[in-house]
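In: give me coordinates for this.
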Amino acid sequence: GRDSYAGDIIVAVGREPALESLSRLAVPLVHHGPIVIAGFGEVGRQVQEMLTTAGEKTVTIDQTPTTGVDIAGNALDWGTLKKAGVRTASAVVLTLGNDSEALFAATVIREFAPDVPLIARVNQPHSVHRLYRVGADLALSIDCWALASESLTPVSPPVASSATSSMASSTVFFLVAITD
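Out: Okay, here's the model as predicted:
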């Protein structure tokens, strides 16, 4: 395998007692900014709900000003990204309407904020590798996202490993508990 890098996201899968042991090896991340969610449709709302339930602060961006949207604007616009605090965010989650939008937004955000962890949801599995090429740290197709939204629990606060010194300080863990 490769070494861990800043912005890596680790998904740990196992039975609940094993995950509890893993979480005891963790320390809080140094990033304290909110998690920015670009796109506030059904998936964006689910992500915000999951994160706020876990105690995380979020900032939402959407082109349509509606209840729950913090910043009405385009995720391709640097002014909107600046207003949302993307450069100091703990992470950016793209939950945009189509894969082309996600690809363009990932490209723009990676240029605007090269070090922020970037997670993207895409509709078509063949788009996942394209998101990685433009700089996404994690890309999930909609079928994987549906499964993940049911089972992913972000450790709150997000955590980085203290067990391995080579682990990056901004590695984010998601724990997936397996139930019988």
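
In: quick check, Thr107 in contact with Ala136.
Out: No - using C-beta atoms under 8 Å, Thr107 is not in contact with Ala136, being 9.6 Å away. Backbone N, C-alpha and C define where each C-beta goes, glycine included.

In: all strands for the chain, in order.
Out: 9-15, 26-28, 35-38, 58-62, 71-72, 91-94, 118-122, 138-141, 152-154, 159-161, 172-178 (DSSP state E).

In: mean pLDDT lowest where, among these?
Out: If you rank the strands of the chain by mean pLDDT, strand 159-161 sits at the bottom with a mean of 35.

In: I'd say Asp137 and Asp115 touch.
Out: No - using C-beta under 8 Å, Asp137 makes no contact with Asp115, being 10.5 Å away.

In: give me the more crowded residue out of the two.
Out: Asp137 (23 against 11; other C-beta atoms under 10 Å).

In: phi first, then psi, for that one.
Out: Backbone torsions for Asp137, taken as degrees, to the nearest 10, come to phi -90, psi -30.

In: for it, report the pLDDT, please.
Out: 83.

In: distance of it from Leu94?
Out: From Asp137 across to Leu94, the span is 11 Å (C-beta to C-beta, to the nearest Å).
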